[in-house]
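Okay, sequence plus prediction incoming.
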Amino acid sequence: MRVVSVEKLRGILGGLPPDPRVVASGNFATPTAVLEQLDAVVDRYRLFVLNAQHGIPDREGVTLETCFVGPGMRRKSGLRYVPARLSLAPLLFATTMPPDVVVLHTSVPSAGTVSMGTEVNVLPAAVEAVHRRGGSVIVQANTAMPYTFGDGVLSLDDIDYLVEVDEPLTSPPPLQLDDCSREIGAKVAGLVPDGATLQMGIGAIPDAALRGLSDRRGLRIWSEMFSDGVLDLDQEGCLDVDVPLVASFLFGSPELYSWVDRNPRVRIKRTEKTNDPRAIAKNPQLVSVNSALQVDLFAQANASRINGRIYSGFGGQTDFIVGALHSQGGRALIALRSWHPRADVSTVVPLIDEPVTSFQQSAVVTEHGVATLWGYSQEEQAMALIEHAAHPQIREELLEEAVALGLVR
């Protein structure tokens, strides 16, 4: 490993092969300083980032690649979206999308190692793939990045260049919970028993659900990610202190980052492990809570596309729905508003006309109720969605459509 200055790094980056593929830390761990230098000296390249935030390089000559679209890539004309379950996304680097350079945002060195901190995800697989190809691993080491244990601990021998850049970690803006989110969250929380294992997606509804669990005890975390809601549960004594909290990435407040720093109860693992449906299923009473843009009367969910254009991607939804259904006492929940406030349309529709993201959930939860689906006939499922999940003003129309579709007699 060589410790280099930002200025020296420019010369190193200028020696990359033509049109290299660059894999970088995503979410709120983007190695901005290194990417800025790369963008300044490399005319054309491919940039792979998961859930990219605003501020990543975006210009002619840069091909943006991902299998989960974040706001920094959404609606970009140069986007190359590669559909993949996140449990399988690491295989891309060993097959169709080999990297030429991997750029990580890590902790500062400690005892011959650095930690990927808040963002492990698919990065260990990218590092292994780039080593096989003789490419480079570049680390942006930051005193603000927490040192987390798990699969993101990297030996200094596996790093080619390290740049020291001290800057605060970014955090998402605080979520403002409205009455609808609180109502849905309360209904979701009512389905979570003591001793359950939790997987929560991103957004106001999962956050609201976590806030409704303050009286539960013995809860466990096995999730793709977590945020401040889990810290709140720990402070309220809701978590089983004898079971590690497992995720593949996290983001949130500075308090969360401080809490996970060298916390022996937190294990940040590679996506192949956290999202493996077989590993998920081994957790007792795993309650998976994810959202969607639409659900239809066939109990299908669209969480990926709007008007044919990719909005996000599969994410971990498909992995955790399967894992939760095979968990002893597990449930796979889709939680969403019954009415889209901006588009002014029902989110419960007769038949989704977009590519389907997932199906066969245990239940769909909206502010109007819980539509229990698993184990019931297609007619019973359709009626449950109409009577317990759909907005009242659309129920009669949905019933007519259900008859026309042959779902209801």
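Thanks, I have the structure now.

Please count neighbours and contacts with C-alpha atoms only from this point.
Will do.

Pass me the low-pLDDT residue ranges in the protein, would you?
Counting by pLDDT under 70, the chain contains no low-confidence range.

domain assignment for it?
2-164, 179-224+275-404 (automatic domain parsing).

Residue 170: which of the ones you listed is closest?
domain 2-164 (5.8 Å; C-alpha to C-alpha).

Compare the domains of the chain and give me the one nearest residue 256.
Of all these, domain 2-164 sits nearest to residue 256, with 9.7 Å by C-alpha to C-alpha.

Next, report how far that closest one is displaced from the centre of its chain.
Averaged C-alpha coordinates place domain 2-164 at 17 Å from its chain's average position (C-alpha atoms, centre = their mean, to the nearest Å).

How about stretch 262-277?
Stretch 262-277 has its C-alpha centroid displaced from the chain centroid by 13 Å (C-alpha atoms, centre = their mean).

quick one, helices of the stretch 51-200 of the chain?
Along the stretch 51-200 of the chain, counting by DSSP state H, counting those that start in this stretch, helices occupy 123-132, 179-189.

what about the last one, distance to the chain center?
In other words, helix 179-189. 21 Å.

list the helices and strands it packs on?
helix 204-211, strand 363-366 (3 or more C-alpha pairs under 8 Å, 6 or more residues apart in numbering; DSSP states H and E).

Kindly tell me how buried residue 307 is, as a neighbour count.
8 (other C-alpha atoms under 10 Å).

Excluding chain neighbours, what is closest to it?
residue 354 (7.2 Å; C-alpha to C-alpha, 6 or more residues apart in numbering).

coming back round to it: including mean neighbour count and distance to residue 161, could the helices and strands packed on helix 179-189 go into CSV?
Formatted as CSV, the helices and strands packed on helix 179-189 follow (neighbours: other C-alpha atoms under 10 Å; distance: least, C-alpha to C-alpha, whole Å):
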stretch, mean neighbour count, distance to residue 161
helix 204-211, 23, 38
strand 363-366, 26, 48
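
Would you reformat the ones you listed as CSV and include distance to residue 175?
Shown next, in CSV, are the helices and strands packed on helix 179-189 (distance: least, C-alpha to C-alpha, whole Å):
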stretch, distance to residue 175
helix 204-211, 6
strand 363-366, 19
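
quick one, which of these is nearest to residue 38?
When the helices and strands packed on helix 179-189 are compared (using C-alpha to C-alpha), the closest one is helix 204-211, at 35.3 Å.

Can you list the helices and strands that the helix or strand just after the closest one packs against?
Sequence-wise, the next helix or strand downstream of helix 204-211 (DSSP states H and E) is strand 220-221. Packing partners of strand 220-221 (3+ C-alpha pairs under 8 Å, 6+ apart): strand 197-200, strand 245-247.

Which SSE is immediately downstream of strand 220-221?
Downstream of strand 220-221, the next assigned helix or strand under DSSP H and E is strand 225-226.

And that next one, what does it pack against?
Counting by 3+ C-alpha pairs under 8 Å, 6+ apart, strand 225-226 packs on strand 197-200, strand 249-250.

rerun at 6 Å
Applying 3 or more C-alpha pairs under 6 Å, 6 or more residues apart in numbering; DSSP states H and E, we find strand 225-226 packed against strand 249-250.

contacts for the strand it packs on?
Contacts of strand 249-250 with the rest of the structure, by C-alpha atoms under 6 Å, 6 or more residues apart in numbering, involve 118, 119, 120, 121, 225, 226, 227.

mind redoing it with 8 Å?
118, 119, 120, 121, 224, 225, 226, 227, 268, 269 (C-alpha atoms under 8 Å, 6 or more residues apart in numbering).

got it, and stretch 304-317?
For stretch 304-317, contacts defined as C-alpha under 8 Å, 6+ apart pick out 67-70, 74-75, 81, 83-87, 224, 275, 290, 292-293, 303, 354-358.

Make a PyMOL selection of whichever of these turn out to be buried.
Buried subset of the contacts of stretch 304-317, written as a PyMOL selection, criterion 16 or more other C-alpha atoms under 10 Å:
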select buried, resi 67+68+69+70+74+81+84+85+86+87+224+275+290+292+293+303+354+356+357+358
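
What residues does residue 93 make contact with?
Applying C-alpha under 8 Å, 6+ apart, we find residue 93 in contact with 99, 125, 126, 129.

Correct me if wrong: residue 373 contacts residue 384.
Yes: using C-alpha atoms under 8 Å, residue 373 makes contact with residue 384 at a distance of 7.4 Å.

Let me see the contact set for residue 357.
300, 301, 302, 303, 304, 313, 314, 318.

Restricted to helices, list those residues.
Counting by DSSP state H, the part of the contacts of residue 357 found in helices is residue 318.

Which two among the contacts of residue 357 are spaced furthest apart?
Across the contacts of residue 357, the longest distance by C-alpha to C-alpha is 15.2 Å; it joins 300 and 313.

Settle it for me: which of the two has more neighbours?
In this view residue 300 and residue 313 are compared by other C-alpha under 10 Å, and residue 313 has more residues nearby, 24 against 20.

do you know how far that one is from residue 135?
Between residue 313 and residue 135 the computed distance is 28 Å (C-alpha to C-alpha, to the nearest Å).

same deal with residue 76?
Distance of residue 76 to residue 135, given as C-alpha to C-alpha: 28 Å.

Show me which of these two is the more surrounded one.
Ranked by neighbour count (other C-alpha under 10 Å), residue 76 and residue 135 place residue 135 first, with 19 against 13.

wait, what's in contact with the more buried one?
Shown in contact with residue 135 (C-alpha under 8 Å, 6+ apart): 99, 100, 101.

and which of those residues is nearest to residue 205?
Residue 205 has its nearest neighbour among these in residue 99, at 35.8 Å by C-alpha to C-alpha.

Tell me, how many residues neighbour the closest one?
Residue 99 has 27 neighbouring residues, counting by other C-alpha under 10 Å.

so who does the residue nearest to it when sequence neighbours are not counted touch?
Among residues not flanking residue 99 along the chain, residue 21 sits closest, at 5.0 Å (C-alpha to C-alpha, 6+ apart). For residue 21, the contact set (C-alpha under 8 Å, 6+ apart) comprises 45, 46, 47, 48, 97, 98, 99, 100, 101.
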